[in-house]
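Visitor: I need the structure of the sequence given here:
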Amino acid sequence: MDYRTALVTGASKGIGAAIVESLVTEGLTVHALARSRGALQVLQERLGPRVKPLVADVRDNEAIASALGAAEIDVLVNNAGGLATVRPLHEQSAEETAEVVALNLTAPLQLIRMLLPGMIARKRGHIFNLTSTAASGVFPGTTTYGAAKAGLSQAGRILRYDLAGTGVRLTEIAPGRVETDFYLKAFDGDREDLHKRMYSQQRPLGPADIAAVLATALRMPDHVDIAELTVAPSEQAPGGHTYPPAPQR
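Guide: Now for the predicted structure:
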């Protein structure tokens, strides 16, 4: 593998931390980006000096660029995201809507824009965009989140066209339900309720499952680009219809 250095966003826990571990195992030096300095230090202590903590908000392009300095990033993993609430759009605040778009669409695009020139100049690179099955399926209360992830998915398709022949690959991984703290904020911090409603009846994916899929795509020969992957629990299949009664006027 020609890749030497990676940047993983949302790296302090869950899927991000599992991906950092997988990339370190593959021999890469990983700039692990998250807001929690303490969590990143714990990760570094566990995995060793190949982990380089990068404390920043994923939306702060200038701070990220300054922290990276002259580092040549071969692998970008756009993992960070957020879901402020699981409610219909008309029940969200303007701030909640804007935050979801900024975290899940704008920030990944800005990082790609920032790092692509170096990848193209070196004729090597791999971008991973973690989207969601919500980008193509209908999940109630996720209008903004689904729209942002669908936008990132379409951006990846266009980028693959623009990048053909440059030596830079792009892979979209769309996970189904993964047992993490991702929905904890939307459940008002009630971890017990989150587990009961989301993870107790069907077998969810684990962060290590997503990391394993990513590593497989990364190991493929450089003439092979696994463009799009949907990774879902065996018991999860989006679909169905609802036929509510008509409103009474």
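
Visitor: C-alpha only now, for contacts and for neighbours.
Guide: Will do.

Visitor: contacting residues around the helix or strand hosting G151?
Guide: Secondary structure assigned from DSSP states H and E places G151 in helix 143-163. Helix 143-163 is touched from outside by 83, 88-89, 97, 100-101, 104-105, 108-109, 129, 131-132, 134-136, 169-172, with contacts defined as C-alpha atoms under 8 Å, 6 or more residues apart in numbering.

Visitor: list the neighbouring strands of the helix or strand following it plus their orientation.
Guide: On the C-terminal side of helix 143-163, the nearest following helix or strand under DSSP H and E is strand 168-175. Strand 168-175 has its sheet partners listed here by DSSP bridges as strand 125-130 (parallel), strand 228-231 (parallel).

Visitor: ok, back up a step: can you check what angle separates the helix holding G151 from strand 168-175?
Guide: 160 degrees (axes from the mean of the first three to the mean of the last three C-alpha atoms, to 10 degrees).

Visitor: before we move on, back to that, narrow the contacts of helix 143-163 to those in strands?
Guide: Here DSSP state E is the test, and those give N129, R169, L170, T171, E172 as lying in strands.

Visitor: right, and the first one touches R169 too?
Guide: No - here N129 lies out of contact with R169, judged by C-alpha atoms under 8 Å, at a distance of 11.2 Å.

Visitor: how near is S36 to V42?
Guide: According to C-alpha to C-alpha, to the nearest Å, S36 stands 10 Å off from V42.

Visitor: so between the two, which is more surrounded?
Guide: S36 (17 against 13; other C-alpha atoms under 10 Å).

Visitor: tell me which helix or strand in this protein has the weakest average pLDDT.
Guide: Using mean pLDDT, DSSP states H and E, helix 191-194 stands out as the lowest-scoring helix or strand of the chain, at a mean of 68.

Visitor: give the buried residues for the very next helix or strand once past that one.
Guide: Under the assignment DSSP H and E, the closest C-terminal helix or strand after helix 191-194 is helix 207-219. With burial defined by 16 or more other C-alpha atoms under 10 Å, the residues of helix 207-219 counted as buried are P207, A208, D209, I210, A211, L214, A217, L218.

Visitor: P88 against E96, yeah?
Guide: No - with the criterion set as C-alpha under 8 Å, P88 and E96 do not qualify as a contacting pair; they are 11.6 Å apart.

Visitor: higher neighbour count, those two?
Guide: Under the neighbour definition other C-alpha under 10 Å, P88 and E96 were set side by side, and E96 has more, 15 against 12.

Visitor: pretty sure the more buried one contacts R87?
Guide: No - applying C-alpha under 8 Å as the test, E96 and R87 come out as separate, 10.5 Å apart.

Visitor: centre-most residue in the chain?
Guide: By C-alpha atoms, centre = their mean, the chain has its centre lying nearest to N79, at 2.2 Å.

Visitor: next one: it from I112, what distance?
Guide: N79 sits 12 Å away from I112 when distances are taken as C-alpha to C-alpha.

Visitor: what does G69 give?
Guide: Distance from G69 to I112, counting by C-alpha to C-alpha: 16 Å.

Visitor: okay, those two: which has more neighbours?
Guide: More crowded of G69 and I112, by other C-alpha under 10 Å: I112, with 17 against 9.

Visitor: ok, now which ones touch that one?
Guide: Applying C-alpha under 8 Å, 6+ apart to I112 gives the contacts L76, I127.

Visitor: just want the angle from whichever strand or helix holds it to strand 168-175.
Guide: I112 belongs to helix 107-122 when assigned by DSSP H and E. In this structure, helix 107-122 runs at an angle of 150 degrees to strand 168-175, with the same axes, to 10 degrees as the basis.
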